[in-house]
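**Student:** Here is a sequence with its predicted model. Questions after.
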Amino acid sequence: MKVGLIGLGDIAAKAYLPVIAKKDLEVHLFTRNEATLSNVARSYWFAGAHQTLESLVTSGIQAAFVHTSTSSHREIVETLLQNNIHVYVDKPVTYDFGSTEKLVELANRKGCILMAGFNRRYAPAYVSLKHLKDINMILMQKNRKSLPGDVRTFVFDDFIHVIDTLLYLFPVPVESISITGRKLENRLYHVVIQFHSTSGITAIGIMNRDSGTVEERVEVFSPEEKRCVTNVTDTTIFKDGDAIGKGGNDWQSTLHKRGFEQITDAFLNAVAGNESAGDLHRDLLLTHKICEQVVAELL
(Lines give C-alpha, C1' and ligand atoms only; values in the text may rest on other atoms or scores of the structure.)
Protein backbone atom coordinates (compact mmCIF):
# COMPACT_ATOMS: atom_id res chain seq x y z
CA MET A 1 0.00 0.00 0.00
CA LYS A 2 1.16 3.54 -0.81
CA VAL A 3 0.68 5.99 2.06
CA GLY A 4 1.56 9.62 2.62
CA LEU A 5 2.83 11.22 5.81
CA ILE A 6 2.10 14.95 5.93
CA GLY A 7 3.84 17.00 8.59
CA LEU A 8 7.02 15.75 10.23
CA GLY A 9 6.95 17.59 13.55
CA ASP A 10 7.00 16.35 17.14
CA ILE A 11 3.91 14.10 17.14
CA ALA A 12 4.86 12.46 13.85
CA ALA A 13 8.43 11.88 15.01
CA LYS A 14 7.49 10.44 18.39
CA ALA A 15 4.29 8.53 17.77
CA TYR A 16 3.92 7.63 14.08
CA LEU A 17 7.22 7.45 12.20
CA PRO A 18 8.55 4.61 14.43
CA VAL A 19 5.32 2.64 13.89
CA ILE A 20 4.91 3.24 10.15
CA ALA A 21 8.59 2.51 9.44
CA LYS A 22 8.14 -1.09 10.64
CA LYS A 23 5.35 -1.85 8.20
CA ASP A 24 5.41 -3.13 4.64
CA LEU A 25 4.33 0.17 3.10
CA GLU A 26 5.52 2.46 0.34
CA VAL A 27 5.80 5.70 2.30
CA HIS A 28 5.84 9.16 0.75
CA LEU A 29 6.66 12.22 2.87
CA PHE A 30 5.53 15.81 2.56
CA THR A 31 6.67 18.85 4.50
CA ARG A 32 7.71 22.32 3.42
CA ASN A 33 10.80 22.15 5.65
CA GLU A 34 13.47 20.97 3.21
CA ALA A 35 16.00 20.01 5.87
CA THR A 36 13.50 17.94 7.85
CA LEU A 37 12.20 16.29 4.69
CA SER A 38 15.68 15.29 3.61
CA ASN A 39 16.71 14.06 7.06
CA VAL A 40 13.65 11.93 7.66
CA ALA A 41 13.64 10.42 4.16
CA ARG A 42 17.30 9.53 4.52
CA SER A 43 16.94 8.15 8.07
CA TYR A 44 14.04 5.82 7.24
CA TRP A 45 14.82 5.04 3.58
CA PHE A 46 11.29 5.98 2.54
CA ALA A 47 10.24 5.83 -1.09
CA GLY A 48 9.36 9.45 -1.79
CA ALA A 49 9.93 12.97 -0.51
CA HIS A 50 7.64 15.76 -1.73
CA GLN A 51 7.72 19.51 -1.23
CA THR A 52 4.15 20.16 -2.43
CA LEU A 53 0.82 18.53 -1.61
CA GLU A 54 0.08 18.27 -5.33
CA SER A 55 3.22 16.20 -5.85
CA LEU A 56 2.25 13.89 -3.00
CA VAL A 57 -1.28 13.41 -4.32
CA THR A 58 -0.09 12.59 -7.83
CA SER A 59 2.34 9.98 -6.45
CA GLY A 60 -0.61 7.60 -6.23
CA ILE A 61 -1.00 7.28 -2.46
CA GLN A 62 -4.13 5.48 -1.26
CA ALA A 63 -4.11 6.87 2.28
CA ALA A 64 -2.47 9.67 4.23
CA PHE A 65 -1.58 10.55 7.81
CA VAL A 66 -1.94 14.28 8.52
CA HIS A 67 0.19 15.65 11.39
CA THR A 68 0.23 19.35 10.58
CA SER A 69 -1.15 22.24 12.65
CA THR A 70 -4.91 22.13 13.26
CA SER A 71 -5.42 25.38 11.36
CA SER A 72 -4.17 23.66 8.18
CA HIS A 73 -6.28 20.50 8.52
CA ARG A 74 -9.37 21.63 6.66
CA GLU A 75 -7.61 22.50 3.40
CA ILE A 76 -5.30 19.47 3.44
CA VAL A 77 -7.96 16.94 4.37
CA GLU A 78 -10.40 18.34 1.80
CA THR A 79 -7.77 18.08 -0.96
CA LEU A 80 -6.99 14.48 -0.02
CA LEU A 81 -10.63 13.40 0.12
CA GLN A 82 -11.42 15.14 -3.19
CA ASN A 83 -8.72 12.91 -4.68
CA ASN A 84 -10.25 9.75 -3.14
CA ILE A 85 -7.49 9.36 -0.55
CA HIS A 86 -8.37 7.94 2.87
CA VAL A 87 -7.32 10.22 5.75
CA TYR A 88 -6.08 9.79 9.29
CA VAL A 89 -5.72 13.19 10.97
CA ASP A 90 -4.59 14.27 14.42
CA LYS A 91 -7.35 15.52 16.69
CA PRO A 92 -9.18 17.79 16.37
CA VAL A 93 -10.16 17.46 12.74
CA THR A 94 -10.84 21.22 12.73
CA TYR A 95 -11.51 23.89 15.35
CA ASP A 96 -15.28 23.96 14.76
CA PHE A 97 -18.01 21.37 14.36
CA GLY A 98 -19.43 22.86 11.15
CA SER A 99 -16.27 22.41 9.08
CA THR A 100 -15.60 18.98 10.57
CA GLU A 101 -19.13 17.91 9.61
CA LYS A 102 -18.57 19.09 6.02
CA LEU A 103 -15.38 17.02 5.78
CA VAL A 104 -17.21 13.93 7.05
CA GLU A 105 -19.96 14.52 4.49
CA LEU A 106 -17.30 14.75 1.77
CA ALA A 107 -15.67 11.52 2.98
CA ASN A 108 -19.05 9.78 2.87
CA ARG A 109 -19.72 11.00 -0.68
CA LYS A 110 -16.30 9.80 -1.81
CA GLY A 111 -16.54 6.48 0.02
CA CYS A 112 -13.42 7.35 2.00
CA ILE A 113 -12.41 6.81 5.61
CA LEU A 114 -11.82 9.90 7.73
CA MET A 115 -10.34 8.90 11.08
CA ALA A 116 -9.27 11.15 13.95
CA GLY A 117 -6.33 10.34 16.21
CA PHE A 118 -8.17 9.39 19.41
CA ASN A 119 -5.49 6.94 20.53
CA ARG A 120 -7.00 6.43 24.00
CA ARG A 121 -9.76 4.31 22.46
CA TYR A 122 -7.00 1.81 21.58
CA ALA A 123 -4.83 2.01 24.74
CA PRO A 124 -5.01 -1.42 26.46
CA ALA A 125 -5.61 0.06 29.92
CA TYR A 126 -8.63 2.04 28.70
CA VAL A 127 -9.96 -0.90 26.70
CA SER A 128 -9.90 -2.92 29.93
CA LEU A 129 -12.00 -0.23 31.66
CA LYS A 130 -14.67 -0.53 28.99
CA HIS A 131 -14.99 -4.24 29.74
CA LEU A 132 -15.91 -3.72 33.40
CA LYS A 133 -19.48 -4.95 33.98
CA ASP A 134 -22.29 -2.87 35.52
CA ILE A 135 -20.50 0.48 35.35
CA ASN A 136 -22.39 3.15 37.30
CA MET A 137 -19.92 6.05 37.32
CA ILE A 138 -16.88 7.27 35.37
CA LEU A 139 -14.54 10.02 36.52
CA MET A 140 -11.75 11.45 34.34
CA GLN A 141 -9.26 14.19 35.12
CA LYS A 142 -6.69 15.53 32.67
CA ASN A 143 -4.90 18.44 34.30
CA ARG A 144 -2.14 20.84 33.29
CA LYS A 145 0.14 23.19 35.18
CA SER A 146 -0.19 26.97 34.65
CA LEU A 147 -1.68 26.72 31.15
CA PRO A 148 -5.03 28.58 30.91
CA GLY A 149 -5.95 29.48 27.35
CA ASP A 150 -8.42 30.62 24.72
CA VAL A 151 -11.71 28.78 25.17
CA ARG A 152 -12.00 27.21 21.71
CA THR A 153 -8.34 26.16 21.59
CA PHE A 154 -8.46 24.80 25.15
CA VAL A 155 -11.53 22.69 24.40
CA PHE A 156 -10.76 21.44 20.88
CA ASP A 157 -7.02 20.89 21.33
CA ASP A 158 -6.98 19.38 24.81
CA PHE A 159 -10.31 18.82 26.55
CA ILE A 160 -11.45 16.90 23.46
CA HIS A 161 -9.55 13.86 24.77
CA VAL A 162 -11.62 13.93 27.97
CA ILE A 163 -14.87 14.19 26.04
CA ASP A 164 -13.97 11.43 23.60
CA THR A 165 -12.71 9.06 26.31
CA LEU A 166 -15.89 9.50 28.36
CA LEU A 167 -18.00 8.84 25.26
CA TYR A 168 -15.96 5.71 24.54
CA LEU A 169 -16.37 4.38 28.09
CA PHE A 170 -20.01 5.42 28.64
CA PRO A 171 -21.94 2.14 28.27
CA VAL A 172 -25.28 3.63 27.13
CA PRO A 173 -26.30 6.63 25.02
CA VAL A 174 -25.75 10.01 26.70
CA GLU A 175 -29.14 11.59 27.39
CA SER A 176 -28.17 14.92 28.96
CA ILE A 177 -25.06 17.03 29.45
CA SER A 178 -24.14 19.74 31.94
CA ILE A 179 -21.13 22.05 31.60
CA THR A 180 -19.43 24.50 33.96
CA GLY A 181 -16.11 26.34 33.84
CA ARG A 182 -14.01 29.22 35.11
CA LYS A 183 -13.09 31.93 32.62
CA LEU A 184 -11.23 35.17 33.28
CA GLU A 185 -10.55 37.77 30.57
CA ASN A 186 -11.35 35.32 27.76
CA ARG A 187 -8.98 32.70 29.18
CA LEU A 188 -10.39 29.38 30.35
CA TYR A 189 -8.87 28.02 33.55
CA HIS A 190 -10.92 24.91 34.17
CA VAL A 191 -13.93 23.06 32.79
CA VAL A 192 -16.20 20.31 34.10
CA ILE A 193 -18.60 18.25 31.99
CA GLN A 194 -21.14 15.68 33.16
CA PHE A 195 -22.93 13.03 31.09
CA HIS A 196 -26.16 11.56 32.43
CA SER A 197 -28.50 8.72 31.52
CA THR A 198 -31.92 7.72 32.86
CA SER A 199 -30.38 4.36 33.79
CA GLY A 200 -28.49 6.17 36.56
CA ILE A 201 -25.02 6.18 35.02
CA THR A 202 -22.98 9.37 35.36
CA ALA A 203 -19.67 10.41 33.82
CA ILE A 204 -17.69 13.42 35.01
CA GLY A 205 -14.81 14.96 33.06
CA ILE A 206 -12.51 17.57 34.58
CA MET A 207 -9.67 19.61 33.17
CA ASN A 208 -7.87 22.16 35.33
CA ARG A 209 -5.14 23.95 33.39
CA ASP A 210 -4.20 26.01 36.43
CA SER A 211 -3.32 23.06 38.64
CA GLY A 212 -0.03 22.24 40.31
CA THR A 213 0.65 19.15 38.25
CA VAL A 214 0.37 17.41 34.89
CA GLU A 215 -1.71 14.26 35.20
CA GLU A 216 -4.33 12.04 33.61
CA ARG A 217 -6.49 9.78 35.72
CA VAL A 218 -9.59 7.72 34.91
CA GLU A 219 -11.67 5.87 37.49
CA VAL A 220 -14.51 3.52 36.59
CA PHE A 221 -16.87 2.28 39.31
CA SER A 222 -19.17 -0.73 39.57
CA PRO A 223 -20.94 -2.33 42.55
CA GLU A 224 -18.18 -4.95 42.75
CA GLU A 225 -14.98 -3.04 42.04
CA LYS A 226 -13.25 0.14 40.96
CA ARG A 227 -10.57 0.32 38.31
CA CYS A 228 -8.19 3.27 38.09
CA VAL A 229 -5.83 4.10 35.22
CA THR A 230 -3.15 6.76 35.64
CA ASN A 231 -1.31 8.46 32.80
CA VAL A 232 -3.00 6.21 30.22
CA THR A 233 -0.91 3.13 31.01
CA ASP A 234 -1.04 2.01 34.66
CA THR A 235 -4.09 0.17 36.05
CA THR A 236 -5.00 -0.56 39.68
CA ILE A 237 -8.02 -2.66 40.67
CA PHE A 238 -9.79 -2.11 43.99
CA LYS A 239 -12.23 -4.43 45.76
CA ASP A 240 -13.63 -3.99 49.28
CA GLY A 241 -11.43 -0.93 49.73
CA ASP A 242 -8.17 -2.72 48.98
CA ALA A 243 -5.93 -2.68 45.93
CA ILE A 244 -5.99 -6.29 44.75
CA GLY A 245 -3.94 -6.08 41.60
CA LYS A 246 -2.29 -4.04 38.92
CA GLY A 247 -2.66 -4.36 35.19
CA GLY A 248 -0.17 -3.70 32.41
CA ASN A 249 2.79 -5.33 30.74
CA ASP A 250 6.27 -3.90 31.31
CA TRP A 251 7.47 -5.56 28.10
CA GLN A 252 5.09 -3.61 25.89
CA SER A 253 6.39 -0.48 24.20
CA THR A 254 5.16 2.96 25.23
CA LEU A 255 3.56 3.41 21.79
CA HIS A 256 1.61 0.18 22.31
CA LYS A 257 0.54 1.13 25.84
CA ARG A 258 -0.71 4.50 24.63
CA GLY A 259 -2.58 2.98 21.68
CA PHE A 260 -0.60 4.47 18.79
CA GLU A 261 0.40 1.12 17.31
CA GLN A 262 -3.17 -0.17 17.46
CA ILE A 263 -4.87 2.93 16.06
CA THR A 264 -2.41 3.01 13.16
CA ASP A 265 -3.16 -0.66 12.45
CA ALA A 266 -6.91 -0.02 12.69
CA PHE A 267 -6.74 2.72 10.07
CA LEU A 268 -4.53 0.77 7.66
CA ASN A 269 -6.63 -2.38 8.06
CA ALA A 270 -9.81 -0.41 7.39
CA VAL A 271 -8.28 1.02 4.21
CA ALA A 272 -6.94 -2.34 3.04
CA GLY A 273 -10.23 -4.09 3.76
CA ASN A 274 -12.45 -1.39 2.27
CA GLU A 275 -14.35 -1.33 5.57
CA SER A 276 -17.34 0.89 6.23
CA ALA A 277 -16.46 4.11 8.03
CA GLY A 278 -19.93 4.55 9.52
CA ASP A 279 -19.03 4.05 13.20
CA LEU A 280 -15.78 6.01 12.89
CA HIS A 281 -17.57 8.97 11.33
CA ARG A 282 -20.44 8.88 13.81
CA ASP A 283 -18.13 8.82 16.86
CA LEU A 284 -15.89 11.54 15.43
CA LEU A 285 -18.87 13.82 14.77
CA LEU A 286 -20.38 13.34 18.23
CA THR A 287 -17.12 14.22 19.97
CA HIS A 288 -16.66 17.39 17.90
CA LYS A 289 -20.33 18.32 18.35
CA ILE A 290 -20.03 18.16 22.13
CA CYS A 291 -16.82 20.22 21.98
CA GLU A 292 -18.78 22.88 20.11
CA GLN A 293 -21.48 22.69 22.77
CA VAL A 294 -18.88 23.24 25.52
CA VAL A 295 -17.43 26.25 23.70
CA ALA A 296 -20.89 27.78 23.21
CA GLU A 297 -21.67 27.35 26.90
CA LEU A 298 -18.42 28.93 28.09
CA LEU A 299 -17.94 31.83 25.65
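**Tutor:** Structure received. Numbers count the residues shown, from 1 in each chain.

**Student:** List the contacts of residue 205.
**Tutor:** Residue 205 makes contact with 140-142, 159, 162-163, 165-166, 192-195, according to C-beta atoms under 8 Å, 6 or more residues apart in numbering. Quick note: C-beta positions are derived from backbone N, CA and C, even for glycine.

**Student:** Which residue, neighbours along the chain excluded, lies closest to it?
**Tutor:** Closest residue in space to residue 205, ignoring its immediate chain neighbours: residue 162 at 4.1 Å, by C-beta to C-beta, 6 or more residues apart in numbering.

**Student:** For the one you found, which residues are in contact?
**Tutor:** By C-beta under 8 Å, 6+ apart, the contact list for residue 162 reads 140, 142, 193, 205-207.

**Student:** that older thread, can I get the contacts of residue 205 in JSON lines including distance to residue 277 and secondary structure?
**Tutor:** JSON lines is the format used below for those (distance: C-beta to C-beta, whole Å; DSSP: H, G, I helix; E, B strand; the rest coil):
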{"residue": "140", "distance to residue 277": "26", "secondary structure": "strand"}
{"residue": "141", "distance to residue 277": "31", "secondary structure": "strand"}
{"residue": "142", "distance to residue 277": "27", "secondary structure": "strand"}
{"residue": "159", "distance to residue 277": "25", "secondary structure": "helix"}
{"residue": "162", "distance to residue 277": "24", "secondary structure": "helix"}
{"residue": "163", "distance to residue 277": "20", "secondary structure": "helix"}
{"residue": "165", "distance to residue 277": "21", "secondary structure": "helix"}
{"residue": "166", "distance to residue 277": "22", "secondary structure": "helix"}
{"residue": "192", "distance to residue 277": "32", "secondary structure": "strand"}
{"residue": "193", "distance to residue 277": "27", "secondary structure": "strand"}
{"residue": "194", "distance to residue 277": "30", "secondary structure": "strand"}
{"residue": "195", "distance to residue 277": "25", "secondary structure": "strand"}
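
**Student:** Closest to the centroid, which residue in this protein?
**Tutor:** Closest residue to the average C-alpha location of the chain: residue 118 at 1.9 Å, with C-alpha atoms, centre = their mean.

**Student:** Kindly provide the distance from it to residue 82.
**Tutor:** Separation of residue 118 from residue 82 (C-beta to C-beta, to the nearest Å) stands at 24 Å.

**Student:** quick revisit: how about a markdown table for the contacts of residue 162, with distance to residue 18 and pLDDT added?
**Tutor:** Listed next are the contacts of residue 162 as a markdown table, based on distance: C-beta to C-beta, whole Å; pLDDT from 0 to 100:
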| residue | distance to residue 18 | pLDDT |
| --- | --- | --- |
| 140 | 28 | 98 |
| 142 | 24 | 96 |
| 193 | 33 | 98 |
| 205 | 30 | 98 |
| 206 | 32 | 98 |
| 207 | 29 | 97 |
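
**Student:** Which member of the residues you listed is positioned nearest residue 229?
**Tutor:** Closest approach to residue 229 among these (C-beta to C-beta): residue 140, at 9.4 Å.

**Student:** Give me the local confidence score for residue 186.
**Tutor:** Looking at residue 186, its pLDDT stands at 85.

**Student:** What of residue 168?
**Tutor:** For residue 168, pLDDT reads 98.

**Student:** so which strand or helix has it?
**Tutor:** Assigned by DSSP states H and E, residue 168 falls within helix 160-169.

**Student:** Which is the succeeding secondary structure element to that helix?
**Tutor:** Going down the chain from helix 160-169, the next helix or strand is strand 176-184, by DSSP H and E.

**Student:** show me the residues around the nearest residue to residue 194 once chain neighbours are set aside that make contact.
**Tutor:** Leaving aside its chain neighbours, residue 194 sits nearest to residue 178 (4.6 Å; criterion: C-beta to C-beta, 6+ apart). Shown in contact with residue 178 (C-beta under 8 Å, 6+ apart): 193-194, 196.

**Student:** Kindly provide the distance from residue 178 to residue 203.
**Tutor:** From residue 178 across to residue 203, the span is 11 Å (C-beta to C-beta).

**Student:** Which neighbours do these two have in common?
**Tutor:** Taking C-beta under 8 Å, 6+ apart as the criterion, residue 178 and residue 203 both touch residue 194.

**Student:** Many thanks, have a good one.
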